[in-house]
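**Student:** Sharing a sequence plus its predicted fold:
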Amino acid sequence: MPEPILTIKNLTKKYGENVIFQHLDLTVNEGDTIVIIGPSGTGKSTLLRCINLLTRPDEGQIWLDDMEITAKDCDEDQVRQHIGMVFQNFLLFNHLTALGNVKLGLSKVKKMSDEAATEKAMHELARVGLADRADHYPGQLSGGQQQRVGIARALAMDPRIMLFDEPTSALDPELIGEVLEVMRQLALDGMTMLVVTHEMGFAREVADRIVFMEKGYIVEEGSPDEMFNHPKFPRTREFLWKITELYGKKETDTN
Amino acid sequence: MDFGQFISYIASGTVYTVGVTLIALPSGLLIGTILALLYVYGGKAAARVMNLYSTVFRGIPPLVLLFILFFAVTRGINLSAFWAGSLSLGIVSSAYQMEIVRGALLSVSGDQLMAARAIGMSRLQSIRYVVLPQAVRLAIPPWSNEAAIVIKDSSLVYALGVPEILRRAQLIGASSQRYLLAYLSAAVIYFLLVFGTTRLLAVLEKKLTIPSNP
Amino acid sequence: MKKRFLLLVALVLVAAMLVGCTTETDSVLDKINQAGKVVVGTSADYPPYEYIDEAGNKTGFDIDLMTEIAKRMGVELEWVDMPFDSLVAAVDSGKLDMSISCFNYDEERDKTVDFSEAYYTTEDAFVVTSAFAGTITVPEDAANYKVGVQSGTVQDGWLTDNLVTPGLLPEASLSRYERVDQAALDLANGRIDVLMGDYVPIQALVAQNPDLQVVYHGELSTGPINIVLPDGDAALKAEVDRIIKELQAEGFIDQLAVKYFSE
Ligand SMILES: Nc1ncnc2c1ncn2[C@@H]1O[C@H](COP(=O)(O)OP(=O)(O)OP(=O)(O)O)[C@@H](O)[C@H]1O
Ligand SMILES: [Mg+2]
């Protein structure tokens, strides 16, 4: 019986009068890879930011394992350590090398010795295939390499779950593959992942479940087979068709 | 009086010019940085107070503040002209340096702060280890500009009778009737001080530049 | 009167009211005697009254006079050099015990500080270059030319009150300089036609620059010069006045005048 790692109940987020999403429920089980898809402006990024408390939901609750992280007395900094986040535009610390980026949380948050932090950071960099780039600064790395450092930085904290917000959409097409490959390997290693992406190939192959969000609601969720081949709602079929066609076009453009 | 004596009389004022600068600039930096942090991260009320501080002290000519501090506020207190001058210039400079640091903090903050918080660092840690180191680099060019201004403004303490470069040029110009030479000498010394300082900071800036491929 | 100076005085007064005046019942004379020294301000850029010699030491008519006064007060003398504009405020705020810097009596200044008995009397002069083609037979003739003057001085006051305010001299034709030497530079390069100043230092200026000549001198604005003392300090004023009279009677001051003004 799989254990839920992340449980979201009745979540509502507004910016002023503007309701981003309402009464949202979602459960992520240990080891699952969930892919969230949906049109722009639907609230996917906002949902991820709510999960690691970078923004506060207006209503509803979120549990990480047995702990309610939306509780008032919950220590945000404590929670964030256990939730890895990978950003669309990488957001590496520009003044630190790849190694420095991965080490910072280990030294300052986990208070590891310099030696131990270096060892652990090098291990994570090797995991994303960048051990030989350890002393390069972000400005000296390609976009794909930067994003892999971003993944290593999040992994180093040994999170319970990893959140990815369109991790490849800022990349040149030829650099997307190396990042998806790292993510695929992570999924195989049993990491629990919540991924916002429009990479349908990745979704089809790696996702345990696909969640289709639109206008602040979860329209439909299911296995890749259900979603791609037998969607219950016409909107789902329409969106998947559109995005696959768009993506296909992009591919032919670059060829 | 030979030329060497003439120049060295004026140049011996450099001690005061450098002294005033070495008090005003670092104290302005310390105060300015603390206030800038409060401005950016201290909430709305703090921001309003800091904004007022900045507006007031950037609005007062340094010479006027100098006079107020020396002749009025410290009436009866034994505050030397040198210290009154240095502190006034430090206060005025702190307002400008606050704006410099604030600008640098704001242009780093946002996303970098969010990324730092996302790995579990506290707000204070994020500012200390992620925002500040990057802000410092951004602040060097405008700060170098401010350093040049403070060096030149240090001449204002002449009005309180501190025998710095400008005052010495006036005195020796008056006694020798060679004003042009006296003021030119002062100008050259100020130029060398400013030039040396800005070159030094340019080297520092280059040294701190984060490597990147074009 | 110089605007900046007025602003300064106003600021000092306002700030002093805010801070609250210290009770000044004790005479500064007691303080001087207790400390065994008198702190005197001067602006040492006004030869031959006060200037620096080749070694950078203060010298001049006022300097020698004050040295003798301190000696007769039985205390050490500590000089503080300050720009002329700052001296009155410094005496007023107690930063200086007194100031000697070729001060003429002035009603504005009298509001914040006191004046000793006059220790000497001077005249004003108009000076021009050899290129000057006009004539100045009475002082009012200066109104027909571009005139320069040290700002904030009694000469400035005389020009303003007697030529500018009655409309004889356009404001634009009067250039005020922070210092006489700056005016002398402008006189030499033709930016002004006439320079008005204190006769004694003007004579020194002419002696150094053969191209300059005095076209008029007389007692206009100027006249007696005095030591500036803290406001309302009768004991100190009595002591300083006593010594001045003593020195005048002994002929000491006349000797100084010969030494410095070559009269
Ligand atoms: N800080 C904010 N203040 C106000 N409105 C915001 C804020 N952040 C996001 N929004 C609004 O919330 C809505 C959802 O934004 P969000 O970025 O979550 O969408 P998304 O699904 O991630 O879209 P995309 O695919 O473009 O990334 C948008 O309309 C956006 O304008
Ligand atoms: Mg988004």
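**Tutor:** Received the coordinates, thanks. Ligands and ions are numbered 1, 2, ... in the order given.
**Student:** in stretch B:17-30, what's buried?
**Tutor:** With burial defined by 16 or more other C-beta atoms under 10 Å in any protein chain shown, the residues of stretch B:17-30 counted as buried are B:T17, B:V18, B:G19, B:V20, B:T21, B:I23, B:A24, B:L25, B:S27, B:G28, B:L29. In short, each C-beta sits where N, CA and C put it, glycine included.
**Student:** Quick one: residues in contact with that stretch.
**Tutor:** The contact list for stretch B:17-30 (C-beta atoms under 8 Å, 6 or more residues apart in numbering or on different chains) reads B:82-83, B:85-87, B:89-94, B:96-97, B:143, B:146-147, B:150-151, B:153-155, B:157, B:162, B:164-165, B:189-190, B:193.
**Student:** Now find how far off-centre that stretch is within its chain.
**Tutor:** 6 Å (C-alpha atoms, centre = their mean, to the nearest Å).
**Student:** if we can go back for a sec, take the buried residues of stretch B:17-30 and write them to a markdown table, including secondary structure and pLDDT.
**Tutor:** Shown next, in a markdown table, are these (DSSP: H, G, I helix; E, B strand; the rest coil; pLDDT from 0 to 100):
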| residue | secondary structure | pLDDT |
| --- | --- | --- |
| B:T17 | helix | 95 |
| B:V18 | helix | 96 |
| B:G19 | helix | 96 |
| B:V20 | helix | 96 |
| B:T21 | helix | 96 |
| B:I23 | helix | 96 |
| B:A24 | helix | 96 |
| B:L25 | helix | 95 |
| B:S27 | helix | 96 |
| B:G28 | helix | 96 |
| B:L29 | helix | 95 |
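**Student:** pLDDT at the residue most central in space within chain A, what is it?
**Tutor:** Residue closest to the average C-alpha location in chain A (C-alpha atoms, centre = their mean): A:F164, at 1.4 Å. For A:F164, the pLDDT comes out at 95.
**Student:** residues contacting it?
**Tutor:** Taking C-beta under 8 Å, 6+ apart as the test, what A:F164 contacts is A:V86, A:M183, A:M193, A:L194, A:V195, A:V196, A:T197.
**Student:** now the helices for chain A?
**Tutor:** Taking DSSP state H, the helices of chain A run over residues A:44-51, A:76-81, A:98-108, A:114-127, A:143-155, A:173-188, A:200-206, A:224-229, A:234-254.
**Student:** To ligand 1, which of the ones you listed lies closest?
**Tutor:** Smallest distance to ligand 1 across the helices of chain A (C-beta to the nearest ligand atom): 3.2 Å, for helix A:44-51.
**Student:** Helices along the stretch 151-263 of chain C, start to end?
**Tutor:** Assigned by DSSP state H, counting those that start in this stretch, the stretch 151-263 of chain C shows helices spanning C:154-159, C:180-188, C:199-208, C:234-250, C:252-261.
**Student:** before we move on, the earlier item: of the helices of chain A, which shows the lowest average pLDDT?
**Tutor:** Lowest mean pLDDT within the helices of chain A: helix A:234-254, a mean of 70.
**Student:** for the helix or strand harbouring B:L105, packing partners?
**Tutor:** Using DSSP states H and E, B:L105 maps to helix B:81-118. Where contact means 3 or more C-beta pairs under 8 Å, 6 or more residues apart in numbering or on different chains; DSSP states H and E, helix B:81-118 is packed against helix A:76-81, helix B:14-41, helix B:43-59, helix B:62-67, helix B:123-126, helix B:132-153.
**Student:** nearest to A:L171, of these?
**Tutor:** A:L171 sits nearest to helix B:132-153 of all the helices and strands packed on helix B:81-118, at 23.6 Å, using C-beta to C-beta.
**Student:** Residues contacting that closest one, please?
**Tutor:** Residues from elsewhere that reach helix B:132-153, judged by C-beta under 8 Å, 6+ apart: A:93-95, B:17, B:21, B:24-25, B:28-29, B:62, B:89, B:92-93, B:96-97, B:100-101, B:103-105, B:107-108, B:112, B:190, B:193-194, B:197-198, B:201-202, B:204-205, B:208-210.
**Student:** change it to 7 Å
**Tutor:** Under the contact criterion C-beta atoms under 7 Å, 6 or more residues apart in numbering or on different chains, helix B:132-153 has outside partners A:94-95, B:17, B:21, B:24-25, B:62, B:89, B:93, B:96-97, B:100-101, B:104-105, B:107-108, B:112, B:190, B:193-194, B:197-198, B:201, B:204-205, B:208.
**Student:** For the nearest residue to C:L212 once chain neighbours are set aside, list the residues it contacts.
**Tutor:** Closest residue to C:L212 apart from its sequence neighbours, by C-beta to C-beta, 6 or more residues apart in numbering or on different chains: C:V206 at 4.7 Å. Applying C-beta under 7 Å, 6+ apart, one finds that C:V206 lies in contact with C:V127, C:L212, C:Q213, C:V214.
**Student:** Need the max-distance pair from those.
**Tutor:** Among the contacts of C:V206, C:L212 and C:V214 lie farthest apart (C-beta to C-beta), at 7.8 Å.
**Student:** Who has more neighbours out of those two?
**Tutor:** C:L212 (19 against 16; other C-beta atoms under 10 Å in any protein chain shown).
**Student:** can I assume the more buried one is in contact with C:T129?
**Tutor:** Yes. Between C:L212 and C:T129 there is a contact under C-beta atoms under 7 Å: 6.0 Å.
**Student:** Many thanks, I have nothing further to ask.
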